[in-house]
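Chemist: here is my input; please provide its structure:
(2 chains)
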Amino acid sequence: MSEWSPSQHELDRQRVRSRLQLRSALIATAMTVLAFVALGVLVTGSPGWPNVKAYFFSWPDARESFPAIRDAIWLNIKMFLIAEVFILIFAMLIAMARVSRSPWLMPLRVVAVVYTDVVRGIPTILLVYLFAFGMPALELQGMPDSPFFWATAALIVSYSAYVAEVFRSGIESVHPSQWASAQALGLTRGQTLRHVIVPQAVRRVVPPLLNDFVSLQKDTALASAAGVFEAVATARDYTLYNFNFTPYLVVAGFFIVMTVPLARLCDWLTARMRRRELAGAL
Amino acid sequence: MSALLTVEGLRKLYGDKVVLDDVSLSVAPHDVICLIGSSGSGKSTLLRCLNLLEDIDDGVITFEGREISDPRVDARAVRSRLGMVFQAYNLFPHLTVLENCTLAPRKVHGVRRAEAEARALEMLERFGLADQATKHPDRLSGGQQQRAALVRALCTHPTLLLLDEITAALDPELVGEVLEIVRAEAAAGMTMVIATHEMAFARDVATSVCFLHEGRILEQGPPTQIFTDPREERTRQFLARVL
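Modeler: Numbers count the residues shown, from 1 in each chain, chains lettered A, B, ... in the order given. Okay, here's the model as predicted:
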């Protein structure tokens, strides 16, 4: 077998294949360049462009506001990282409560259903207001009254409801035969969920989960409404003093830089799981 | 008679592993070619190469006198003339049996809905599935599902039908009902290439049997010869194990 060498026909075919690949690459490049040039011409050719340029694309203002925003964005990142952990835990618990069947857990199911229905219906910014201004007003013993704490809590409450539904849709998308085969091995419903269903469900919902987390990263900006001096509040502060909106673009840039690595990480994870599980299968 | 499909010097690798090595085969109209051999001998891969589901690493495949292994060939045009049925049925679970059967005629072949449904229903009727037409695949038994998958493939009126171990996932008593359809199609003159473990069926229905071993067609001949007087020692050993 080792002394095989490709026939002339195969060599020709390989040449054709690489030519076709080159052609695809050229088309892709040309179309991309064309689309972006057209877009650029359209924007810079608009009648109000000089004004927009002065108010939104002012380099000196960008440079001047940059350090304050860079320092403030850490607050957003901190809020996001703390909230994310709690959201994942709460959402999974809610989702599991909703798919439970035991009669003992009926009250838990009722709470889970009501919780998702009510919380998903309330705009997140209202939750931030209610938590940040209402909770400290209760003057509860031992509870912090910092806006940062309560804004984060509001985000956790809000996003847990969304993410719980994402988890639940993942759990319900696993084919019933998986339940059957796990229970046939003698696993309890809880064990089946924990070891068979949830691991498969989580893999399937990675893309929508990422969606919610990107959304959460951005919604940390809502804390500015509660008086947390995070990146957007910092930028707003600057625009009010200097009457120039460039800092908003600087903040937008920061948020993009934060989300892109997360998106790539998720792509990589999904691709790796596919490679492992479907290798050679199709 | 000129061949409908020819394969010459076909070679296929998965990574460094040679899965098909210098495979040559000729299929004339109305031929029923059975591929036999142990698992991993390359039967399925050969079928997938014929359907252009795999890029090949050497050799030539022609269909109706035209080379289809050329990368410039429109694979969809070729596939629309071939039918394929898989071991795991691969019916679309979100569509009813009837919708499974009318999808390709409507979307690929441009048949109008009413006509496609009438034709599919007639075919389902013929194979005893008329009362299952409005059900979703997961509600059917394995044998019914595989029969539905066969009907789905036949609804596009393929010139050549590729069957990839279509009874391997079925209970023994369900195998018969599926093979009955294949037998009827063979009798009606359908050209087929069939990878199978059903030796009795192969002996019955094949015009020619190929024994694959480690990616090569070790021996090809009429079923009477292969099953009673194989030339190769490997074929003899394989048949002794499965018969």
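Chemist: CA atoms for contacts and neighbours, from now on please.
Modeler: Noted.
Chemist: hey, C-alpha coordinates of the helix or strand hosting residue B:217 in PDB?
Modeler: Using DSSP states H and E, residue B:217 sits within strand B:216-221. Below are the C-alpha coordinates for strand B:216-221, written out as PDB (Å, rounded to 0.1, in the frame of the first residue of the first chain):
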ATOM      1  CA  ARG B 216     -10.300  -3.900  -1.800                       C
ATOM      2  CA  ILE B 217     -12.800  -5.800  -3.900                       C
ATOM      3  CA  LEU B 218     -11.100  -9.200  -3.400                       C
ATOM      4  CA  GLU B 219     -13.500 -11.100  -5.500                       C
ATOM      5  CA  GLN B 220     -16.500 -10.400  -7.700                       C
ATOM      6  CA  GLY B 221     -18.800 -12.900  -9.500                       C
END
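Chemist: which other residues reach it?
Modeler: B:20-24, B:41-42, B:208-212, B:226, B:231-232, B:235 (Cα atoms under 8 Å, 6 or more residues apart in numbering or on different chains).
Chemist: so which residue of chain B comes closest to chain A?
Modeler: Per Cα to the nearest Cα, residue B:58 is where chain B lies closest to chain A, at 5.1 Å.
Chemist: partner residues bridging that residue?
Modeler: residue B:11 (DSSP bridges).
Chemist: next one: the one 4 residues further on
Modeler: With DSSP bridges as the criterion, the beta-bridge partners of residue B:62 are residue B:6, residue B:67.
Chemist: break down chain B into its helices, ranges please.
Modeler: In chain B, the helices defined using DSSP state H lie at B:43-50, B:75-79, B:97-107, B:113-126, B:142-154, B:172-187, B:199-205, B:223-228, B:233-242.
Chemist: which element, helix or strand, includes the closest residue to chain B within chain A?
Modeler: Residue of chain A nearest chain B, by Cα to the nearest Cα: residue A:10 (5.1 Å). Per DSSP H and E: residue A:10 is located in helix A:8-44.
Chemist: what is the orientation angle of the strand holding residue B:217 with helix B:233-242?
Modeler: For strand B:216-221 against helix B:233-242, the angle between stretch directions is 80 degrees (axes from the mean of the first three to the mean of the last three Cα atoms, to 10 degrees).
Chemist: for strand B:216-221, what is the distance to the chain centroid?
Modeler: 18 Å (Cα atoms, centre = their mean, to the nearest Å).
Chemist: and for stretch A:148-161?
Modeler: Relative to its chain's centre, stretch A:148-161 lies at 15 Å (Cα atoms, centre = their mean).
Chemist: any low-confidence regions in chain B?
Modeler: Judged by pLDDT under 70, chain B has its weakly predicted residues at B:1.
Chemist: for chain A, what are the nearby residues on it?
Modeler: Contacts of chain B with chain A, taken as Cα under 8 Å from any Cα of the partner chain, map to B:57, B:58, B:59, B:60, B:70, B:71, B:72.
Chemist: hmm, try it at 7 Å
Modeler: Residues of chain B lying close to chain A (Cα under 7 Å from any Cα of the partner chain) are B:58, B:59, B:70, B:71.
Chemist: count of neighbours near the third one?
Modeler: Per other Cα atoms under 10 Å in any protein chain shown, the neighbour tally for residue B:70 reads 21.
Chemist: that older thread, next SSE after the helix holding residue A:10?
Modeler: helix A:49-56.
Chemist: list the residues that contact residue A:228.
Modeler: By Cα atoms under 7 Å, 6 or more residues apart in numbering or on different chains, the contact set of residue A:228 is A:147, A:148.
Chemist: scratch that, residue B:6
Modeler: Residue B:6 makes contacts with B:25, B:26, B:27, B:61, B:62, B:63, as judged by Cα under 7 Å, 6+ apart.
Chemist: now do the SS call for the nearest residue to residue A:83 once chain neighbours are set aside.
Modeler: Leaving aside its chain neighbours, residue A:83 sits nearest to residue A:156 (5.5 Å; criterion: Cα to Cα, 6 or more residues apart in numbering or on different chains). Taken by DSSP: H, G, I helix; E, B strand; the rest coil, the conformation at residue A:156 corresponds to helix.
Chemist: hang on, the earlier thing: list the contacts of the spatially closest residue to the residue of chain A closest to chain B that is not a sequence neighbour.
Modeler: Spatial nearest neighbour of residue A:10, excluding adjacent residues (Cα to Cα, 6+ apart): residue B:58 at 5.1 Å. Residue B:58 makes contact with A:6, A:7, A:10, B:9, B:10, B:11, B:12 under the criterion Cα under 7 Å, 6+ apart.
Chemist: summarise which helices and strands the host helix or strand of residue A:108 is packed against.
Modeler: Element membership for residue A:108, per DSSP H and E: helix A:106-121. Secondary-structure packing of helix A:106-121 (3 or more Cα pairs under 7 Å, 6 or more residues apart in numbering or on different chains; DSSP states H and E): helix A:59-99, helix A:147-173.
Chemist: the last one packs against which elements?
Modeler: Read it as helix A:147-173. helix A:59-99, helix A:106-121, helix A:124-129, helix A:198-204.
Chemist: mean pLDDT lowest where, among those helices?
Modeler: Per-stretch mean pLDDT for the helices and strands packed on helix A:147-173 is lowest at helix A:198-204 (a mean of 89).
Chemist: so what touches that helix?
Modeler: In contact with helix A:198-204 (Cα under 7 Å, 6+ apart) are residues A:167, A:170, A:171, A:174.
Chemist: what's around the last one, how many residues?
Modeler: Put plainly, it is residue A:174. Other residues close to residue A:174 by other Cα under 10 Å number 16.
Chemist: try the first one
Modeler: Burial of residue A:167, expressed as a neighbour count using other Cα under 10 Å, amounts to 26.
Chemist: hey, which of the helices of chain B is tucked in deepest?
Modeler: Highest mean neighbour count among these (mean count of other Cα atoms under 10 Å in any protein chain shown): helix B:142-154, with a mean of 24.
Chemist: list of residues touching that one?
Modeler: B:83-85, B:89, B:91, B:97, B:100-101, B:123-124, B:137, B:170, B:174-175, B:178.
Chemist: cool, stretch A:73-87 as well?
Modeler: Residues outside stretch A:73-87 that contact it (Cα under 7 Å, 6+ apart): A:152, A:155, A:156, A:159, A:160, A:216, A:217, A:220, A:230, A:231.
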